[in-house]
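> Sequence first, predicted coordinates after that:
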Amino acid sequence: MIKLKRAYEEAELADGPRYLVDRLWPRGIAKDSLHIEDWLKDVAPSNELRRWFGHDPRKWNEFRKKYFAELKAHPDAWAPLAKAAKKRSITLVYSAKDAEHNNAVALAEFLRKK
């Protein structure tokens, strides 16, 4: 099972291993307080794609297509997540305010299809 949680929400035991999937560290969060297994910067969208998207819901479908293409080109970036999710529940941690239109949502969708 793949869960999603904002970096600003409290970590819980039920989260299982937590992975930060943003390219940038969440603002205002101390590195030792996030309680993550790993920070997977390379699984995040490229800087170019991230800037283009800008969390604009009108660009969501196109963002997903472009992001999925990036992911397909770099399976080594997301393979550890797919492997971990087969063993137990994991949580993808993100910092975006929009809980419906962010890279963690798209990444979870991509991983569930794998």
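It's in.

> So R23 is in contact with P45, correct?
Yes: the pair R23 / P45 is scored as a contact, 7.1 Å apart, by CB atoms under 8 Å. (Each C-beta comes from the backbone N, C-alpha and C, glycine too.)

> State the number of residues packed around D22.
Neighbours of D22 under the rule other CB atoms under 10 Å: 22.

> Roughly how far does it sit from K86?
Remark: distance between D22 and K86 (CB to CB, to the nearest Å) = 23 Å.

> of R23 and P45, who's got more company?
Ranked by neighbour count (other CB under 10 Å), R23 and P45 place P45 first, with 22 against 17.

> Are we agreed that that one is in a helix?
No: P45 is assigned coil when assessed by DSSP: H, G, I helix; E, B strand; the rest coil, not a helix.

> Tell me the spacing between it and D32.
26 Å.

> quick one, helices of this protein?
Applying DSSP state H to the chain gives helices spanning 47-53, 60-73, 75-87, 103-113.

> Ranking those helices by mean neighbour count, which comes first?
Scoring those by mean neighbour count under mean count of other CB atoms under 10 Å gives helix 103-113 as the most buried, with a mean of 19.

> what distance separates that helix from the centre of its chain?
Mean C-alpha position of helix 103-113 versus that of the full chain (CA atoms, centre = their mean, to the nearest Å) differs by 8 Å.

> Tell me what angle it forms with helix 75-87.
70 degrees (axes from the mean of the first three to the mean of the last three CA atoms, to 10 degrees).

> Pull the residues that contact helix 103-113.
The contact list for helix 103-113 (CB atoms under 8 Å, 6 or more residues apart in numbering) reads 2, 4, 21-22, 43-45, 50, 63-64, 67-68, 71, 78, 81-82, 85, 92-94, 96, 99.

> and with 7 Å instead?
2, 4, 21, 43-45, 64, 67-68, 71, 78, 81-82, 85, 92, 94 (CB atoms under 7 Å, 6 or more residues apart in numbering).

> now K31: how far from M1?
Taking CB to CB, one finds K31 at 27 Å from M1.

> swap in W25?
Distance of W25 to M1, given as CB to CB: 26 Å.
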